[in-house]
Every structure is written in structure tokens, then in C-alpha cells.
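Peer 1: Need a 3D model of the sequence below.
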Amino acid sequence: MTEHHLDLRTAKIPSEEAVIAERERLQYQRRYLQTLRTTIYALIIVAAVSVLLATLFLPMLQVAGTSMEPTLSDGDIILLVKTGKFETGDLIGFYYQNKLLLKRVIGGPGDYIDIDEDGNVTVNGELFDEPYVTEKSLGETDITYPYQVPENRYFVMGDNRTTSIDSRSSVIGCIEVDQIVGKVILRVWPLKQISLIS
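Peer 2: You can find the predicted model right below:
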């Protein structure tokens, strides 16, 4: 068995400055790792809260199709706010056959909707002001006017009246309150077109 002896005459004892420097290096390393861990935990918490908020209160989605032109275009990214109150003119997102559609509220429960051959819309006998529509059209419709909106439902139409399939067609019909995800409040993409939606 070999014995190892430490020869104190040849062993290098570090200087006091080297010991202090090594202690400071180890303390810095501990602080760095602690800061890194704290930062990672904070980022995870922020990400989780953001996902939760986005899911529960502020869903974000990308527009597909042209039924809301010129207000929204294919590829735009928008922000919705979850709410239970909707007024005529509000832009809403709702589920229809596992798809999320975007349309504008034209009338609420009990309202009478009428659309003439030229595409002019009246709600409860008054001409509905629609500055967002560039081309009026009766569009694809198979319902009888004037049409009364059933209880707990909303009559919705796309801004692109010639191509939009909406409440004018019995295929979609009036939207139940439970189908509605929320109200569109903001376009966030493309960046040069960030704007509040009305």
C-alpha cells in the first residue's frame, strides 16, 4: 500500500488575496445562479399568467377570409375582449361548427330587421347607418323580411355584403349568446395598421 505524504515545504499555500478573490468568485457564481433561477421562475409565471389572461379574458386570433373587408383583411391579427354586452354595430367573434367566425351585430333580441333589394338595412323601422360598408348588397338570403330576432340571439352580418354568409341565410341564422366568444376591440397586426376596431 502506497502512502501519500504532503510535503509542507513544497506545497503552495495561496496568498490571502487569492483566497479572497476565490471567495468572491464563488459568491458571485452563487448570486448569478440565484438570479438566473429567479428570472426563469418569473418568466414562467408571466407566461402562464399571459396565457391564462389570453384564454379567459383577451383571446387573440387571426382573420381568415374576406367577409369582413374592408374593416378587416385576411391575415390580420385581432384582440377580443370577453363580455356579455353587445350593441348594434359591435364586431364579434363566435363559434359556428367548430370554427370561429367574425361578423357585425346588426340587431339584438326582439329587434326587427329589414333589408331591401339595394342592401339598405333598417332596424326597428330606422335606416341603419353603416359607414364601414363600401358596397351594399342584399347578398345570399333565404329568410322573409322584416325578420324578428329571437330571444337570446343576435342578427349578424359581414361588412363585405356580397360575399358574407351570415344571419341573412338560414345556414348560419341568428347567433346564440352562448356561441359568442367576445367583442373585437383591437387590430394588432400588421403593425402599420394597429387600430381600435369600431
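
Peer 1: For residue 148, see how far away the closest residue to residue 151 other than its chain neighbours is.
Peer 2: With Cβ to Cβ, 6 or more residues apart in numbering as the criterion, residue 151 has its nearest non-adjacent residue at 4.9 Å, and that residue is residue 109. For every residue, glycine as well, the C-beta is placed using N, CA and C. With distances taken as Cβ to Cβ, to the nearest Å, residue 109 is found 9 Å from residue 148.

Peer 1: Quick check: mean pLDDT of stretch 85-102?
Peer 2: The average of the pLDDT scores along stretch 85-102 is 85.

Peer 1: Oops, could you answer that again for stretch 155-171 instead?
Peer 2: Stretch 155-171 comes out at a mean pLDDT of 89.

Peer 1: Between the two ends of that stretch, how far is it?
Peer 2: End-to-end distance of stretch 155-171 (Cα to Cα, to the nearest Å): 13 Å.

Peer 1: With stretch 85-98 instead?
Peer 2: 23 Å.

Peer 1: Tell me how far it lies from the chain's centre.
Peer 2: A distance of 13 Å separates the centroid of the chain from that of stretch 85-98, by Cα atoms, centre = their mean, to the nearest Å.

Peer 1: Go through it and flag the buried ones.
Peer 2: Neighbour counts over stretch 85-98 (16 or more other Cβ atoms under 10 Å) mark 86, 88, 90-94 as buried.

Peer 1: Now for those: which two are most distant?
Peer 2: 88 and 93 (16.7 Å; Cβ to Cβ).

Peer 1: Residue ranges in this structure under the pLDDT threshold?
Peer 2: Low-confidence segments of the chain (pLDDT under 70): 1-11, 46-60, 62, 186, 188, 190-196, 198.

Peer 1: So which residues of it form helices?
Peer 2: Per DSSP state H, the chain carries helices over the ranges 16-56.
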